[in-house]
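1. no sequence for this one, just the structure:
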């Protein structure tokens with residue numbers, strides 16, 4: 001067998017092994033990623049954007065059943081924002097900082113900041129997690145972070 005033929009056969013065998021070893025994602029992997037990322041974003045958000053002494057509040061952290069015996073992890077947390085002049089300036093600054101914090105954790109922008117409250121969505125593929133941020137203005141400005149995994153086998 002020629003060197004080229006051996007290389008082709010070796011490549012095909014390696015490809016078959018890699019495809020055979022591929023496995024579907026499971027909830028525990030995405031849930032671990034969700035927890036690490038949401039806690040990090042909220043903790044960093046409290047330090048960089050929060051009022052002095054701000055600590056993140058966890059509003060929801062649940063596993064919800066889905067069809068076919070699968071489950072989905074859902075998280076919601078909040079940090080009170082420090083005011084920085086006009087509400088639009090506060091929210092624009094918070095959007096810029098939060099986008100960068102989440103991007104640094106491997107997420108891509110799915111839906112850019114829109115609306116009066118600067119809502120945006122970012123996602124990652126492996127493990128799959130989606131984060132939605134709502135930067136609320138008004139008398140008590142806040143960063144509200146919703147995180148969700150898809151429905152996955154346990």
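-> Everything's here; your move. A quick note: this is a predicted structure, and the numbers were derived from the prediction, not measured.

2. ranges for the strands of this structure?
-> Using DSSP state E, the strands of the chain run over 57-65, 71-80, 108-114, 119-124, 129-136, 142-148.

3. any idea which of these gets closest to residue 43?
-> Of all the strands of the chain, it is strand 71-80 that lies closest to residue 43, at 8.8 Å by Cβ to Cβ. No exception for glycine: its C-beta is placed from N, CA and C like everyone else's.

4. for that closest one, what is the distance to the chain centroid?
-> Relative to the centre of its chain, strand 71-80 is centred 10 Å away, using Cα atoms, centre = their mean, to the nearest Å.

5. cool, and stretch 55-68?
-> 14 Å.

6. what does it contact?
-> Contact with stretch 55-68 is made by 27, 31, 39, 42-43, 45-46, 71-79, 151, as judged by Cβ atoms under 8 Å, 6 or more residues apart in numbering.

7. mind naming the longest helix for this structure?
-> helix 27-49 (DSSP state H).

8. quick one: mean pLDDT for that helix?
-> The average pLDDT within helix 27-49 is 97.

9. which residues touch that helix?
-> The contact list for helix 27-49, computed with Cβ under 8 Å, 6+ apart, reads 54-56, 63, 70-73, 75, 77-79, 81-82, 93-94, 97-98, 101-102, 105, 107, 124, 127-129, 131, 143, 145, 147-150, 152-154.

10. which of the residues in it are buried?
-> For helix 27-49, the neighbour count (16 or more other Cβ atoms under 10 Å) marks 27, 30-31, 33-34, 37-39, 41-46, 49 as buried.
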